[in-house]
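Novice: quick one: sequence plus predicted model below, questions after.
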Amino acid sequence: MRFSFFHLMPWTDLAAPPDDWPVGNAAFDPMRGKELYDRYLDTMAYAEQCGFDWVGCNEHHFSPYGLMANCNLIGAALAQRTSRIKLAMLGNLVPLLNPIRVAEEYAMLDVMSGGRLVAGMIRGVPHEYVAYNIDPGESRERLREAAALIVKCWTATEPFRWDGRFFQYPSISIWPKPLQQPHPPILMSASNEESAEFAAEHRAMIGMTLIAELGIAQGIIGTYRTALRAQGIEATPAHVLLSYNTCIADSDAEAREQLSAGLRYFHGFLMKPIRKAQNRVIESSKFFADAQHGERFSKRLATLNQRSIEEMIEAGSVLCGSPETVVRQMRRIRDALGNGWFNLNFKIGNIPDAVVRHGMELFRDRVLPEASTF
């Protein structure tokens, strides 16, 4: 079992829940923002000392949910603050971006870090397309074309022309090329069967979030394994990364108390406007293959919002407790889903950074020695 430390870089100082999305930025204080960036970067770099294999960054827009509008900027800062840990960009929302720019920035990160990049090619969530004024119904095909173009940018040895449906360039030859050859490892999200098949088609690792039920996740992973086998590859545990909101404390009671408080801010303040935006986009677009997929996505968000901590633990949706309890929870999930990676987010909502740090140290000292042997 291997581990990734993930951070959303949330804004923690909202006095009242935002009413709608995009969220007005009048409450943003730049000096407070600098303080948070400094603290968050220190925490992410500290993951290397706590034994994590990866440190994960992401991309979101127009919301205090996360202050990481460009994960590559954070990755570049971390490349200078760390020496061993892999930099997992989880990642660029490539259907919304210029694929050549993504290929160039990823190549830069890989060279600057000495070959430590994990290249996330992420489709994103519905409302992000509204932010960049792109039709959500085009998301899947945009991702398909962008991913192919990025890989060709990395692997072509002579200038080439690209005449696609969404992207057209007369002549391309990027400098630098990635250090890892033929290219850095690629990870794609797999929140449903369609996404799982898509990731397998591209021979990518999969990352799963919003795990509401272990049984549902089993089905998606099974679809991925079957589709990857059709590509001539037998999936191993190392192909599957599962993302979890995590709170590790000295006792189960303390962990549940801290996670409950953090989730109240997360769902009540940070996620409230995003849920509204996502539901509007789902109702009016073809982001999902059909209405049933969109309805399942909305229900999954609602379910995770409404459950108690105890119900989340029972469903396998969070990791929460003392180190010994969390090890048991990880073992149960691993036995059910066969994953080789856990991607752990300790900064849920406004959980204090001191609690995050202590949880990371408990992970290093009392969880990692046990869980790494699974």
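Specialist: That came through, no problem.
Novice: how far away is the residue lying closest to residue 351 once chain neighbours are set aside from residue 346?
Specialist: What sits nearest to residue 351 in space, not counting adjacent residues and going by C-beta to C-beta, 6 or more residues apart in numbering, is residue 262, at 3.8 Å. In short, each C-beta sits where N, CA and C put it, glycine included. Separation of residue 262 from residue 346 (C-beta to C-beta, to the nearest Å): 9 Å.
Novice: show the pLDDT at the residue nearest to residue 351.
Specialist: Residue 262 carries a pLDDT score of 98 in this model.
Novice: still on that earlier bit, so between residue 262 and residue 346, which is more surrounded?
Specialist: Counted by other C-beta atoms under 10 Å, residue 262 and residue 346 do not tie: residue 346 has more neighbours, with 26 against 23.
Novice: sorry, back to before: okay, and the common contacts of residue 262 and residue 346?
Specialist: Contact with both residue 262 and residue 346 is made by residues residue 247, according to C-beta atoms under 8 Å, 6 or more residues apart in numbering.
Novice: where's residue 118, which helix or strand?
Specialist: Secondary-structure assignment from DSSP states H and E places residue 118 in strand 117-122.
Novice: chain center to that strand: distance?
Specialist: 10 Å (C-alpha atoms, centre = their mean, to the nearest Å).
Novice: what lines up beside it in the sheet?
Specialist: Strands that pair with strand 117-122, judged by DSSP bridges, come out as strand 86-93 (parallel), strand 186-189 (parallel).
Novice: other SSEs contacting the helix or strand following the first one?
Specialist: Note on strand 86-93: by DSSP H and E, the next helix or strand toward the C-terminus is helix 99-112. Under the contact criterion of 3 or more C-beta pairs under 8 Å, 6 or more residues apart in numbering; DSSP states H and E, helix 99-112 touches helix 71-81, strand 86-93, strand 117-122, helix 139-155.
Novice: in helix 99-112, what's buried?
Specialist: 99-100, 102-112 (16 or more other C-beta atoms under 10 Å).
Novice: show the contacting residues for residue 74.
Specialist: Per C-beta under 8 Å, 6+ apart, neighbours of residue 74: 9, 41, 44, 57, 68.
Novice: same question for the helix or strand harbouring residue 128, mean pLDDT?
Specialist: In the assignment (DSSP H and E), residue 128 maps to helix 126-131. When pLDDT is averaged over helix 126-131, the result is 85.
Novice: could I get the strands paired with strand 117-122 as CSV with mean neighbour count?
Specialist: As requested, those are exported to CSV (neighbours: other C-beta atoms under 10 Å):
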stretch, mean neighbour count
strand 86-93, 26
strand 186-189, 24
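Novice: any low-confidence regions in the chain?
Specialist: 284-304 (pLDDT under 70).
Novice: just to revisit the earlier point, show residues contacting the strand holding residue 118.
Specialist: By C-beta under 8 Å, 6+ apart, the list of residues contacting strand 117-122 reads 54, 58-59, 75, 86-94, 106, 109-110, 143, 146-147, 150, 178, 180, 183-189, 202, 204, 207.
Novice: in this structure, which spans are strands?
Specialist: Using DSSP state E, the strands of the chain run over residues 2-6, 54-57, 86-93, 117-122, 160-163, 168-172, 186-189, 205-208, 240-248, 318-321, 341-345.
Novice: give me the contact list for the last one.
Specialist: Yep, that's strand 341-345 we're talking about. Counting by C-beta under 8 Å, 6+ apart, 1-8, 54, 56, 88, 90, 207, 237-238, 240-246, 319, 330, 333, 363, 371 sit against strand 341-345.
Novice: now do that strand against strand 86-93, angle only.
Specialist: Going by axes from the mean of the first three to the mean of the last three C-alpha atoms, to 10 degrees, strand 341-345 is angled at 70 degrees with respect to strand 86-93.
Novice: now swap in the longest one and tell me
Specialist: Relative orientation of strand 240-248 with respect to strand 86-93: 110 degrees, computed using the same axes, to 10 degrees.
Novice: and the strands paired with strand 117-122: which comes nearest residue 172?
Specialist: Nearest to residue 172, of all the strands paired with strand 117-122, is strand 86-93, at 17.7 Å by C-beta to C-beta.
Novice: list the contacts of the nearest residue to residue 264 once chain neighbours are set aside.
Specialist: Ranked by C-beta to C-beta, 6+ apart and with sequence neighbours excluded, the top spatial neighbour of residue 264 is residue 349, at 7.0 Å. Neighbour list for residue 349: 10, 12, 261-267, 269-270 [criterion: C-beta under 8 Å, 6+ apart].
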